[in-house]
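Undergrad: Just need the structure, nothing else, for what follows:
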Amino acid sequence: MKIAKVEGIPLSAKIEKPFRISTTLFNEVRALVVKVTTDDGLVGFGESLVRVSPKATKYLVEEMIAPQIIGEDPIDAAAIWWKMFSVMRTRGHTKGTFLEAISGVDVAIWDIIGKSFNMPIYKVLNGFGRKELPVYGSSVFIGNIKDMEDQAKKFLEKGYSTIKIKLGMGTQKDVEAIKAIRKYVGESVRLMVDCNSIYDAGTAIELGRKLEKYDIYWMEEPVPPYDLEGYQLVRNNQPLRIASGEGEYGVYGFRDLLETNSLSVVQPDLGRVGGYTEGMRVAALIYSKNLKIAPHTGMCSALNIVASMHYAAAVPNLFMFEFMDLEHPLIEMFTTPIPRPENGIIKMPDKPGIGLELDMNKIGKWIQN
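TA: Numbers count the residues shown, from 1 in each chain. Next comes the predicted model:
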């Protein structure tokens, strides 16, 4: 079995009701679907996380990565990963869009591996083999207090007992929102907050101190991912646990982040970290620090969400899986509905590979020409 073709399928779809976080308004969801085909007809799919231009990532996949791996045996996933990474590793491209391109290809290769062994990906990863995942509801997006309370209510009605809330409106408005939501949901619901990297260390410290009395489980991305000293300052000068990692790439990036000793929960994103091959290495690194893992899923298609479920099912020290309970066009892109949680638990697909089949007729209208 050899890799015969590698393609990028750039997708973009308008969001009818946009979502706001501290740094942007999501009125469009974008993704690059990577399709890898073998010479004996097996096809694997993966997703490269995209925020701005799926076509840019498509170019990297087809023009820089594909020529390096055509003819390789997909079973040799680690060797293929190193070959892809080595194209630009000595030229400073060890993070960013290039790693996101590699991620989608790697996930597609593992989809092929699962299908070739007639097993789900989470089983062929030889990890923890969880058949069910504890999940938290993500997310209550920024709005006025009534709107944020209504969003929290919907999560409660769906059976979630753990909910994440987007902040970054300024400390006063942030505290007012959390005060209202805590009062609304009661004391039994676990709440986490996510600043999406908007603050400097001093502001994040002030916010953490003011939120302590509302029993917040973690504060996520209080400062930008490059502000490693800021992470140390925030961790050492306020009481809340810190979660982060969605903006980091590969073992080398996570090595530096973890050396700050700032995090309690680490959040690799499968479509950015380097796919399963590098993601499992990162998980081992996190495990070596005795920290919890909560794989990130963000504004992406359902492909990355379902693929990330397999990652969560395999990694050590799993805390919870982030289920992006959103309604946008790229959520329903399979021939069958994606698995959804019931009372805070989601069951793993049991079919080979990712376990669901992409509906090319559905996604056709979102393909960028």
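Undergrad: Tell me how many other residues crowd E63.
TA: If you count neighbours by other CB atoms under 10 Å, E63 ends up with 10. (Each C-beta comes from the backbone N, C-alpha and C, glycine too.)
Undergrad: isn't there a strand covering it?
TA: No. Read with DSSP: H, G, I helix; E, B strand; the rest coil, E63 is helix and lies in no strand.
Undergrad: for the stretch 51-200 of the chain, what spans make up the strands?
TA: 132-140, 162-166, 190-194 (DSSP state E, counting those that start in this stretch).
Undergrad: can I get those strands in JSON lines with mean neighbour count and distance to M309?
TA: Formatted as JSON lines, the strands of the stretch 51-200 of the chain follow (neighbours: other CB atoms under 10 Å; distance: least, CB to CB, whole Å):
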{"stretch": "strand 132-140", "mean neighbour count": "22", "distance to M309": "6"}
{"stretch": "strand 162-166", "mean neighbour count": "23", "distance to M309": "17"}
{"stretch": "strand 190-194", "mean neighbour count": "23", "distance to M309": "19"}
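Undergrad: So which of these is nearest I354?
TA: Of all the strands of the stretch 51-200 of the chain, the one in closest proximity to I354, counting by CB to CB, is strand 132-140 (14.9 Å).
Undergrad: Report all helices and strands that the lengthiest helix in the chain contacts.
TA: Taking residue count as the measure and DSSP state H as the definition, the longest helix of the chain comes out as helix 97-116. When contacts are defined as 3 or more CB pairs under 8 Å, 6 or more residues apart in numbering; DSSP states H and E, helix 97-116 packs onto strand 3-20, strand 25-38, strand 43-49, helix 54-59, helix 77-86, helix 121-124, helix 270-273, helix 275-288.
Undergrad: most neighbours per residue, which of the ones you listed?
TA: Per-stretch averages of neighbours, counted by mean count of other CB atoms under 10 Å, single out helix 270-273 among the helices and strands packed on helix 97-116, with a mean of 31.
Undergrad: Report the mean confidence score over that helix.
TA: Averaging the model's pLDDT scores along helix 270-273 yields 98.
Undergrad: what's the answer for stretch 362-369, then?
TA: Taken as a whole, stretch 362-369 carries a mean pLDDT of 94.
Undergrad: Can you get me the start-to-end distance on it?
TA: The first residue of stretch 362-369 is 16 Å away from its last residue (CA to CA, to the nearest Å).
Undergrad: and the helix or strand of the chain with the lowest mean pLDDT, which residues are buried?
TA: Among the secondary structure pieces of the chain, namely its helices and strands, helix 360-363 has the lowest mean (mean pLDDT, DSSP states H and E), a mean of 94. For helix 360-363, the neighbour count (16 or more other CB atoms under 10 Å) marks I363 as buried.
Undergrad: Next: stretch 150-166.
TA: For stretch 150-166, a neighbour-count test (16+ other CB under 10 Å) marks 151-152, 155, 160-166 as buried.
Undergrad: out of these, what pair is the most spread apart?
TA: Of all pairs drawn from these, the greatest distance, 18.8 Å, lies between S161 and K166 (CB to CB).
Undergrad: Please name the nearest non-neighbouring residue to the residue of the chain most remote from its centre.
TA: Here the chain reaches farthest from its C-alpha mean at D40, the gap being 31.3 Å by CA atoms, centre = their mean. Once flanking residues are discounted, D40 sits nearest to M1: 5.5 Å by CB to CB, 6 or more residues apart in numbering.
Undergrad: ok, now which ones touch that neighbour?
TA: 38-40, 42, 73-75, 116 (CB atoms under 8 Å, 6 or more residues apart in numbering).
Undergrad: Only the buried members of those: can you turn that into a PyMOL selection?
TA: For anyone working in PyMOL, the buried entries among the contacts of M1, judged by 16+ other CB under 10 Å, can be selected with:
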select buried, resi 38+42+74+116
